[in-house]
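S.K.: dropping the sequence and predicted coords here.
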Amino acid sequence: MSEQPKAPSGDTWSEDMLWAVAMSDLAVFLLDEDGGLLHSNDAGRVLAMRLHPDDPHPDPAMLLSYIPEQGWQIAKRDGRWIGEVPTALPGLVLEIKAFAGRDRGRCRRYTVMTDISVRSAREGELRRRHDELQSTYDRLASAQEQLLQSEKMASIGQLAAGVAHEINNPIGYVHSNLGTLQEYASALLALIDGYANALQSSDPAASRPALRQLRERLDVDFIVGDLPKLLEESREGIERVTKIVQDLKEFSHVERDEPMRPSDLRKGLESTLNIVWNDLKYKAKIEKHYHDVPLVECYLSEINQVFMNLLINAGQAIDDRGLITLAMGVEGDEVWVSVADDGVGIPEDALQRIFDPFYTTKPIGRGTGLGLAIAYRIVAKHHGRIEVHSRPGEGSTFRVVLPISQPVLSRPRAK
């Protein structure tokens, strides 16, 4: 057994304190008022030998140089300072705790040093792995966004013929109306020329019978009655095209890195229905049962993609002619939107897998198996859920439930 340590001369450290220091596995250093070393234990001397392997008797006081002056100032102010300090030995990191206080008018200082190289290396490895995971997550999130946008554009591609037809119809009668308008304009200009010639003659009153015959031949009375209707019909056609183009623009909009905004789900559902209408109007009658609902905090273009997938699926579930019922309402702090059809329904064994990626019950070429999977992910991203009720031969009902306001911690910051 080692002998009892003696208190350093000129100091009043108790023998019990020195004994505790000697028995400690940590490197402990007792200092005088000026910061000079009074005493160090065996662990302190061993640490000094590790840092100076070429010196057979290294002075433990050299370790005190690792304590910055600012550390002592903090220790004097707050009672202690703790810091991690790399050493001259590669890979060796010290955790240093410096303590300072006054006892019986005398300043007391001591410090404890611990080799935390293993812990520091482990924390560095954890940080490296965290960075790798974050990078992988960012790449995965980017891939998911690209998949979402690709599926969105694929949906538009599948509907392109129908959308083109919906645009072509109003453009067709606007074009026809412009031809008729050109004929009307020519007739009216001819009548105006007749009036101008009559006014320039020496006896305008004598031209009345000829002008009356010209007016009857040009059928001006019919033109006057038909022209406002023709212009109104043309305006409606252009507005129809403008609405379809605007709906397509909003649907294809990418909201990445934007904050969720309070949005009108009814407007979103109607604009989506406008896009897919050509695919549905020959197969189903649409019934709407809308209740007043508040604005919902969401990415509306993504929710519109959910609506599109559900509407397309409802149409494809109807073999001949059927009914699609759209409804929405509010329950507590949630808003729900349902899309119901009276089509073929979903078998029980398939009902458990409909949200699995690439799973589809449709014939080859009619579905990728990603529509409902992406819809499920979008709704989950919005802290909502999709409820499904279906029976074979009786149809299906998909009910999208979304919170009116997103949880605060889930809201992305605006950039």
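M.R.: Cool, got the structure.
S.K.: list the contacts of stretch 394-403.
M.R.: Among residues not part of stretch 394-403, those counted as contacts by C-beta atoms under 8 Å, 6 or more residues apart in numbering are 265, 296-298, 303, 306-307, 310, 313-314, 317, 322, 333-346, 379, 382-390. For the C-beta atoms, the positions are set from N, CA and C on the backbone; glycine is no exception.
S.K.: ok, now stretch 115-131?
M.R.: Contacts to stretch 115-131, defined as C-beta under 8 Å, 6+ apart, come from residues L47, R50, E84, G91, L92, V93, L94, E95.
S.K.: of the residues you listed, buried ones?
M.R.: Using 16 or more other C-beta atoms under 10 Å as the burial test, the contacts of stretch 115-131 include L47, L92, V93, L94, E95 as buried.
S.K.: for whatever helix or strand the fourth one lives in, list the C-alpha coordinates in PDB.
M.R.: This means L94. Taking DSSP states H and E as the definition, L94 sits inside strand 93-103. Backbone C-alpha positions of strand 93-103 (Å, rounded to 0.1, in the frame of the first residue of the first chain) are rendered in PDB as follows:
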ATOM      1  CA  VAL A  93      -8.500  14.700 -26.600                       C
ATOM      2  CA  LEU A  94      -8.800  15.900 -22.900                       C
ATOM      3  CA  GLU A  95     -11.900  16.900 -21.100                       C
ATOM      4  CA  ILE A  96     -10.800  19.500 -18.600                       C
ATOM      5  CA  LYS A  97     -12.800  20.700 -15.600                       C
ATOM      6  CA  ALA A  98     -11.300  23.700 -13.900                       C
ATOM      7  CA  PHE A  99     -12.600  24.800 -10.500                       C
ATOM      8  CA  ALA A 100     -12.000  28.000  -8.600                       C
ATOM      9  CA  GLY A 101     -13.300  29.400  -5.300                       C
ATOM     10  CA  ARG A 102     -12.400  31.000  -2.000                       C
ATOM     11  CA  ASP A 103     -12.200  29.200   1.300                       C
END
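S.K.: partner strands of it, with direction?
M.R.: The pairing partners recorded for strand 93-103 under DSSP bridges are strand 80-86 (antiparallel), strand 106-115 (antiparallel).
S.K.: of all those strands, which one comes closest to K288?
M.R.: strand 80-86 (65.6 Å; C-beta to C-beta).
S.K.: for the closest one, give the mean pLDDT please.
M.R.: Model confidence over strand 80-86 averages 88 on the pLDDT scale.
S.K.: need the residues that contact that strand.
M.R.: The list of residues contacting strand 80-86 from outside it, by C-beta under 8 Å, 6+ apart, reads 66-68, 71-72, 74-75, 92-100, 116, 120.
S.K.: same check on stretch 230-244?
M.R.: 163, 166-167, 170-171, 173-174, 177-178, 180-181, 184, 271, 274-275.
S.K.: if any of those are buried, put those into a PyMOL selection.
M.R.: Selection command for PyMOL covering only the buried members of the contacts of stretch 230-244, criterion 16+ other C-beta under 10 Å:
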select buried, resi 163+166+167+170+174+177+181+184+271+274+275
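S.K.: nearest to S40, of the contacts of stretch 230-244?
M.R.: Of all those, the one with the least separation from S40 (C-beta to C-beta) is S271, at 77.8 Å.
S.K.: phi, psi of the closest one?
M.R.: Dihedral angles phi and psi of S271 (degrees, to the nearest 10) take the values phi -70, psi -40.
S.K.: hang on, isn't it packed against S301?
M.R.: No. At 10.1 Å, S271 and S301 do not qualify as touching, with contact defined as C-beta atoms under 8 Å.
S.K.: doesn't L326 make contact with L280?
M.R.: No. L280 is beyond contact range of L326, at 10.9 Å (criterion: C-beta under 8 Å).
S.K.: understood, closing this out.
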